[in-house]
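Chemist: Sequence and predicted structure are below.
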Amino acid sequence: MMVRVVTWWTILRIALEERLVYRGDFALGTLMRFLPIITQIFLWWAVFEAIGDGQRSEGQIAGYRFENMVAYYLLTMVSRAFSSMPGLASGIARQIRDGEVKKYLIQPVDMIGFLLLTRIAHKIAYYSVALLPFALVFYLCRGFFIDGWPDSTTLLLFVATLIMAFLLGFFLEATMGLIGFWFLEVTSLLFIYMLLSFFLSGHMFPLDMLPEPWLSIVNLMPLKYLAFFPAAVFLGNVQGPELVQGVMIQAGWVVFFIITARIAFARGVKRYSGFGG
Amino acid sequence: MALIELRNLTKSFRVYQKHEGLMASLRGLWRREYRDVQAVRGIDLDVQRGEFVAFLGPNGAGKTTTLKLLSGVINPTSGSALVMGHVPWQRQNAYRRRFALVMGQKNQLWWDLPAQESFRLHQQIYCIAPEAFSRTLDELTSMLDVAQLLRQPVRELSLGERMKMELIAALLHSPDVLFLDEPTIGLDVVAQHRIQKFLKEYQQQRNVTILLTSHYMKDIVALCRRVVVIAHGRIRYDGSLSGIRDSFSSHKVVTLQLAETASTDGFHRFGEVLEIQPPRIKLRIDRPAVAGTLAAILAQHAIEDVAVEDPPLEEVIADLFSQAARGSDDPMGLDKVSSAVGSVR
C-alpha cells in the first residue's frame, strides 16, 4: 500500500511539474476562464432590464432574480472547473491512433489510473493559481448572494457533489476517448458531446427553467451533475428528498462510468491487440 | 530450456481497402472491404539466455510485429510463445517488470520535463529500490556519458541524446530481456557508434538477452553473432552473419589487373562484367565456376594481378530482400536466375 501511495505521489508531482512548464500559457488559460461568464452576466442584465422595464432588479424568471442568476453562473463556473476535462478524450483517442497507448500495455502501469492521477495534478495546479482570482471575483460579487452563505451541511454536500462532478467528468470523457479503439477519430463525437453538455449541464441556463417532461428527463441524465447540480445544492435550490435523490443519481452515474470506462479499456485493448498494433 | 520459445507463431491483420476516388470513398462509408495481411506466418525460434540476436529483413517483413508479439502488445492469430516462462500477451506484471521494448521511432519520456523526472517515474512504476535505482542510473549515465544532460528538458535534447535517455529509461529496471526496434534510426554515425558500443558492453556485463531489428548493417556486424532473416513473415535464415554469404551468395567478384597493353574486350564470355576501368576489370562469376573460369582467363589474357572476393554483405542482403519483395517463396530461386542472366550476357 505504502509503495502505491509513493507511486501515486510521484505521478502527481511529475504531472504537476509538467503543467507548470509553460507558465504563460498556463496563466492565460486560467484567467481566460472568467471571460465567458462576464458576457453571460451582461446578457441576463439586458434580459432582466427588458422584462422589468428598466427596473432590472424587480423581475423574476422561473423563480430567479437577477442576483440569483449571477450567483448561479459563478457557481456553475466553479463546478465546471471541477468537471471539465480539456483534452482528455481527444488525448486518449490520439494516443490510441498514434500507438502511444502501447506504453501502457508494456509497462506495469494502469492507463486509466495513471490518467486520473495526472488529471488530479492538472486540477491542483489550476486551483492553486485560480484560487486568488476566484476569491476576488466572489468577493466582488458577494452582493449577488442575496440568500446568504449556506450552512455547513450544505457546504459539505456542495464539496461532495463537486468531487463527484470531477469523477463523473473524468470517467465520462475517458470512456469517450476510449471509443477511439473502435473509431480512431472521435472529434465529431466530442463535438456533439460538447454541444449537449453546453445545454444540458446547465452551463447555458439554469436547468430548472425547463418545462416538463424535459425537466424529469434531464434529472436522470448524467450531464446535469457536471455543472447545474453542485450550484443548485449551494444555492439551496434542491433540498430534502430531492437533494438525496440527486446525490444518489450523481453517485450512480459516477459508478456507471467508472465501470463503463474499465470495460471499454479492457475490450479496446483486446481489439487493439487482436487487429492493430 | 530456451529463454524465448516461439512455436508456429502467426499474426494476420485486417486492413481496410479503399479504391481510388471520391465514389469509392462514399461507398466505403457503409461497405468496407478488408484484406487480411499475414504479417507473421508461422515462426519457430529458440533464443538462449545471453544471446544477442538480430532480426534482419525488408520493411514490412514482420520484424516489428514479432517484437510486438513478444512484448505482449498484440495477440497472435495462432501459435505460441513463451518468454522466461510467461505468455507475453497475458501482460502479467511479473513479466512486464522483466523485459523492455525500445522503439527508435517512439519515445516514452516526458517531452517537457528533464529525463531525470521520467526516470523517477519509472523507478516507481517498476518498484525499483532507491539504492538499486541510483546505482543503475549512475552506471548507465556514465556509460552513455549523459550525466550532465539529466536536468535538461527532453525536448531540448538532440535525437542521439534522446535515444540514450530512452535506453536508460528502458534499462533502469534491469530487464532480463530487451527488445530493440531500430534503436539507431536517424542517428548520425558517431551517435550510432556510441550506442552500438554501449549495447555491446552492457550485454557483455549483464548477460542479458537482446533481440534487435535494424536496417544498419553496421549495427548488426558490431553486435550480433546470430542473425535471423525474416521476409514475408517467415524465417529465411537463422545462423551467423558470415553464413548468410555462404547460403545466399551464389557468386564471387573477381578483379583482374590487366597488362598495360591488353584489351578489355571479350571478358563478357567469362561472367557478368561489373566494371571496366582500364587496365582494371571486375567480373561476377558463379562460385562453382570460379577456378575453371580463372584458369581460362589466365590462359587467354595477359593478367598482372587477380583478386577474388565475396560480394559485399550489404549486396547479398539487398538481393535477398529484393527477391523477397517479389514474393518468391524459394529464397534461392532468384539468385539462380540472376546468375544465369549474368552468364548468358
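Modeler: Yes, it's here. Numbering: from 1, shown residues only, chains lettered A, B, ... in the order given.
Chemist: and the longest helix for chain A?
Modeler: helix A:240-275 (DSSP state H).
Chemist: what about that helix, average pLDDT?
Modeler: For helix A:240-275, the mean pLDDT works out to 90.
Chemist: SS state for the residue of chain B most remote from its centre?
Modeler: Distance to the chain centre peaks in chain B at B:T261, reaching 46.8 Å (criterion: Cα atoms, centre = their mean). Under DSSP: H, G, I helix; E, B strand; the rest coil, B:T261 falls in the coil class.
Chemist: so who does the closest residue to it other than its chain neighbours touch?
Modeler: In space, and not counting its chain neighbours, B:T261 is closest to B:A302: 7.2 Å by Cβ to Cβ, 6 or more residues apart in numbering or on different chains. From N, CA and C alone the C-beta is placed, and that goes for glycine too. Counting by Cβ atoms under 8 Å, 6 or more residues apart in numbering or on different chains, B:A302 touches B:L258, B:A259, B:T261, B:A262.
Chemist: Now B:A302, what are its backbone angles?
Modeler: With angles defined as degrees, to the nearest 10, B:A302 sits at phi -90, psi 110.
Chemist: And it, what's its pLDDT?
Modeler: On pLDDT, B:A302 comes in at 84.
Chemist: State the distance from it to chain A.
Modeler: Look at B:A302 and chain A: by Cβ to the nearest Cβ, to the nearest Å, they are 62 Å apart.
Chemist: and the end-to-end length of stretch A:231-249?
Modeler: End-to-end distance for stretch A:231-249, by Cα to Cα, to the nearest Å: 16 Å.
Chemist: So which bits of chain B are right by chain A?
Modeler: Contact residues (Cβ under 8 Å from any Cβ of the partner chain) of chain B with chain A: B:13-14, B:65, B:68, B:71-75, B:89, B:91, B:93, B:96-97, B:100-101, B:106, B:108, B:110, B:112-113, B:117-118, B:120-127, B:153.
Chemist: Packing partners of the longest helix of chain A?
Modeler: helix A:111-140, helix A:152-178, helix A:180-183, helix A:214-220, helix A:228-235 (3 or more Cβ pairs under 8 Å, 6 or more residues apart in numbering or on different chains; DSSP states H and E).
Chemist: what's the helix or strand following the third one in contact with?
Modeler: Beyond helix A:180-183 on the C-terminal side, the first helix or strand identified by DSSP states H and E is helix A:187-200. Around helix A:187-200, the neighbours that count as contacts under Cβ under 8 Å, 6+ apart are A:89-90, A:176, A:179, A:183, A:203-204, A:207, A:218, A:221, A:223-224, A:226.
Chemist: Could you rerun that using 10 Å?
Modeler: Residues outside helix A:187-200 that contact it (Cβ atoms under 10 Å, 6 or more residues apart in numbering or on different chains): A:80, A:83-84, A:88-90, A:93, A:169, A:172-173, A:176-177, A:179-180, A:183, A:186, A:203-205, A:207, A:210, A:214, A:217-218, A:221-224, A:226-228.
Chemist: Chain B contacts on chain A?
Modeler: Chain A comes close to chain B at residues A:3-4, A:6-11, A:13-15, A:17-22, A:98-109, A:114, A:269-270, A:272-277, as judged by Cβ under 10 Å from any Cβ of the partner chain.
Chemist: circling back to that earlier point, of the contacts of B:A302 - the most surrounded one?
Modeler: B:L258 (19 neighbours; other Cβ atoms under 10 Å in any protein chain shown).
Chemist: Pull the contacting residues for that one.
Modeler: By Cβ under 10 Å, 6+ apart, the contact set of B:L258 is B:T264, B:F267, B:I276, B:P278, B:P279, B:R280, B:I281, B:H301, B:A302, B:I303, B:E304, B:D305.
Chemist: State the distance from the third one to B:H268.
Modeler: Relative to B:H268, B:I276 is positioned 10 Å away (criterion: Cβ to Cβ, to the nearest Å).
Chemist: residues shared between the contacts of those two?
Modeler: Shared contacts of B:I276 and B:H268, defined by Cβ under 10 Å, 6+ apart, comprise B:L283.
Chemist: Check the burial of the residue of the stretch 151-300 of chain B found nearest chain A by counting its neighbours.
Modeler: As assessed by Cβ to the nearest Cβ, chain A sits closest to B:P153 within the stretch 151-300 of chain B, at 7.4 Å. Using other Cβ under 10 Å, B:P153 has 16 neighbouring residues.
Chemist: was I right about A:Y272 contacting A:I96?
Modeler: Yes - with contacts counted by Cβ atoms under 10 Å, A:Y272 reaches A:I96, the gap being 7.2 Å.
Chemist: Quick check on the two: which one has the bigger neighbour count.
Modeler: Neighbour count, other Cβ under 10 Å: between A:Y272 and A:I96, A:I96 has more, with 24 against 21.
Chemist: ok, for the more buried one, nearest residue in space, not its chain neighbours?
Modeler: A:G180 (4.2 Å).
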